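In: Okay, predicted coordinates and the sequence, questions at the end:
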Amino acid sequence: MSLFRRSIVAALVVAVLFLTVPILAIFLDTSPGRLLASLGDPSARDALVLSLETTTLALAIILVVGTPAAYQLATRRFRGRSVVLTLVELPLVLPPAVAGIGLLAALGPHGLFGVALAGAHIDLVLQTAGVVVALVFVAAPFYLRQAVAAFSAVDPSVVQASRTLGASEAATLARVVIPSALAGLAAGTALAWGRALGEFGATLMFAGSFRGITQTVPLAIYDRFSDDFPGALALSAVLVIASAALLLSVKLLGGDRGLAAR
Amino acid sequence: MTVGSLRVEAALEFGAFELDLALDVEPGRCLALAGPSGAGKSTLLRIVAGLLAPRAGRVSSGDAVWLDTARGVELAPERRGCGYVFQDYALFEHLRVWQNVGYALPRRDRRAAAAPLLERFGLSALAEQRPPTLSGGERQRVALARALARRPAVLLLDEPLSALDSRTRASATRELAALLREAEVPCLLVTHDFTEAAMLGDEVAVVDAGRLVQRGTPAALAAAPGSAFVADFTGAVVLRGVARPGADGLTIVDLDGGGQVTSTDAAEGAVAASVYPWDIAIELAGEGHAGSARNRLLAEVASVTAVGGRVRLGLLAGQPLAAEVSEAAVRELRLTPGTRVAATWKATATRLTCG
């Protein structure tokens, strides 16, 4: 093997080790028995349940609003469409701290809509609802991006065929468009879910870190890493497994190809 | 669906492209819209189906008005009764064959209602398959069966043979021609190939740059083209017959309606023999014959049409035939309707296609 070939292989080995060792260490640093015992802790269980609840709710909101919005973006050509596409993707590259400040400035007690929300008796800051708002804000672009790509890839003549065969626009969406785009939509859902599950910065700034109310798993990990390192490890292990499962589902659903094609 | 004549008038501007067409098709008749790509043929189909709204126009099927821009009537595509066969067939790839065919049928008993259609199009054995596993010919049959399921009032076919390879195309053309003969509704078929239009359409409407150039039976268009464009576009004249091997490696075709032609192409059974009008030479009947041309059909001149410096002769020789000669030849031979002539051309100028 030439020196050039050998150095390329060496670079790959270094990259793979660097990226996998910290993840493996989570599982190797403590015994499985201690990991399981830490999960039995009530505060750990609170965090897990809260993460499950808030991410599920956030995903439901993203799907219900995001799917028709993405369909509109993918199939209609209107003035300012590219600007809208860029705007909805902006949170993808936004630093989490900026997202948190932005949410406070818009929806916080002294924010743009603070008075209106207070008038309607809607309290978001330091509340579970605030966690959901933060999750939707950071995770929605992941779904929207994938869904727009998936809907754009649906052959327009198939949609037209459905219409000439007697199906209304709504029936066509349900019977042809969504089933045709399903792999891409599912991949987008998995990506958004993964992002929501790991969300930290915006949630901490906008909703705080109160056990059982706003303390999701990432916040609980941060909360305990100084005095209960094994407990932090145990929760991290759960997040690694959940994230790996979501990534795997993206790969299996072909969403990876969809991403590469963009 | 009530069956009646299809009437279409449409005007549309699209950048530099202008469409201004009016035509009608009687029930049970098939009008082939033929013309070069970009002539506006598919656009017209889309207007009929409601997939595209013209700036001004009217579309009606029998008594039912589907579009009338003057009165603000515009029915959605699903409320018009159009069976539409798309160019690439546009099958639902996520559904099985029987679900594709039964798509337009009520959800209840969809399976049972689709069964006779599957049977008729030879798809019963493929009912559980999904489109990606089908061949081109099978996909075309699924598209046809699906379009006919709802008993449409109008059948629209956009280049129904263009997605097929040349081997499948011959048999698919025969099947489609038989289907169109049986159809009891008006059919509009789009093709860029005049020979295909002649084989499938009762009449051909030549369309160019958004305008109807000429309409008539295929033979009439070939015999008396209204313009040099139509003369060129009609291309080869098609003679139908049965081929058998002859002497010296040549193929003899016994023409339907009498007469024989010889070709250097190998073929057997039912064939279409095609020859270009400008490859046909004309001599007065009864004159001596000692040339290299193997083909000599006695005919009567039916029409004499000047098309830009050349003259198209419509000939009656058992089957309609067209020849193209110079103005000087017409003068010298005194060719007028009724003149008895012999049309001659070489065996090498005769193409045979199965079908």
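Out: Perfect, thanks for sending it.
In: Could you list every helix and strand in contact with the helix or strand encompassing A:Ser236?
Out: Assigned by DSSP states H and E, A:Ser236 falls within helix A:229-252. Using 3 or more CB pairs under 8 Å, 6 or more residues apart in numbering or on different chains; DSSP states H and E, the elements in contact with helix A:229-252 are helix A:3-28, helix A:32-39, helix A:42-75, helix A:178-198, helix A:217-224. In this view, the C-beta of every residue, glycine as well, is placed from N, C-alpha and C.
In: Outside of it itself, list whatever touches it.
Out: Contact partners of helix A:229-252, identified using CB atoms under 8 Å, 6 or more residues apart in numbering or on different chains, comprise A:23, A:26-27, A:29-30, A:34-36, A:38-39, A:41, A:44, A:47-48, A:186-187, A:190-191, A:193-194, A:197-198, A:217-218, A:220-222, A:224-225, A:256.
In: contacting residues for the closest residue to A:Ser180 other than its chain neighbours?
Out: Ranked by CB to CB, 6 or more residues apart in numbering or on different chains and with sequence neighbours excluded, the top spatial neighbour of A:Ser180 is A:Val154, at 4.7 Å. The contact partners of A:Val154, by CB under 8 Å, 6+ apart, come to A:176-177, A:180-181.
In: And A:Val154, how close does it get to A:Ile62?
Out: Relative to A:Ile62, A:Val154 is positioned 20 Å away (CB to CB, to the nearest Å).
In: Next up, the contacts around A:Glu199.
Out: A:96, A:134-135, A:138-139, A:216, A:218.
In: Quickly find the element holding the residue in the stretch 1-150 of chain A positioned nearest to chain B.
Out: Nearest residue of the stretch 1-150 of chain A to chain B: A:Ala150, at 12.9 Å (CB to the nearest CB). Assessed by DSSP H and E, A:Ala150 sits inside helix A:128-152.
In: Moving C-terminal from that helix, which element do we reach first?
Out: Next helix or strand after helix A:128-152 toward the C-terminus (DSSP H and E): helix A:156-164.
In: With only the CA atoms kept, save that following helix in CSV.
Out: Output of helix A:156-164 as CSV, limited to C-alpha atoms (Å, rounded to 0.1, in the frame of the first residue of the first chain):
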residue,chain,number,x,y,z
PRO,A,156,-47.4,16.2,-10.8
SER,A,157,-49.0,14.0,-13.4
VAL,A,158,-49.9,11.4,-10.7
VAL,A,159,-51.7,14.1,-8.9
GLN,A,160,-53.5,15.2,-12.1
ALA,A,161,-54.4,11.5,-12.8
SER,A,162,-56.1,11.3,-9.4
ARG,A,163,-58.1,14.4,-10.1
THR,A,164,-59.3,13.2,-13.5
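In: count of neighbours near B:Gly318?
Out: For B:Gly318, the count of nearby residues is 15 (other CB atoms under 10 Å in any protein chain shown).
In: So it sits against B:Gly258, correct?
Out: Yes: counting by CB atoms under 8 Å, B:Gly318 touches B:Gly258, with 4.3 Å between them.
In: Mind giving me the PyMOL command for buried ones among the contacts of helix A:229-252?
Out: Selection of buried members from the contacts of helix A:229-252 for PyMOL, criterion 16 or more other CB atoms under 10 Å in any protein chain shown:
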select buried, chain A and resi 26+30+35+38+41+44+47+48+186+187+190+191+193+194+197+198+217+218+220+221+224
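In: can you confirm B:Ala272 is in a strand?
Out: Yes: the assignment for B:Ala272 (DSSP: H, G, I helix; E, B strand; the rest coil) places it in a strand.
In: Look up the closest residue to A:Leu235, ignoring the ones flanking it.
Out: A:Ile221 (4.9 Å).
In: For the one you found, which residues are in contact?
Out: A:232, A:235-236, A:239.
In: Just the closest of those to chain B, please.
Out: Chain B has its nearest neighbour among the contacts of A:Ile221 in A:Leu239, at 34.0 Å by CB to the nearest CB.
In: any idea how far the closest one is from A:Val138?
Out: Distance of A:Leu239 to A:Val138, computed by CB to CB: 16 Å.
In: quick one, which of the two is more surrounded?
Out: Between A:Leu239 and A:Val138, A:Val138 has the larger neighbour count (other CB under 10 Å), namely 25 against 19.
In: you'd agree that one is up against A:Gly100?
Out: No: A:Val138 is beyond contact range of A:Gly100, at 9.5 Å (criterion: CB under 8 Å).
In: any common contacting residues for the two?
Out: Shared contacts of A:Val138 and A:Gly100, counting by CB under 8 Å, 6+ apart, come down to A:Ala202.
In: Where does pLDDT dip in the chain?
Out: Using chain A here. Low-confidence segments of chain A (pLDDT under 70): A:254-262.
In: Oops, wrong one, chain B.
Out: B:1-2, B:287-292, B:355.
In: So which bits of the stretch 101-250 of chain A are right by chain B?
Out: A:155, A:157-158, A:160-169, A:175-176, A:179-180, A:182 (CB under 8 Å from any CB of the partner chain).
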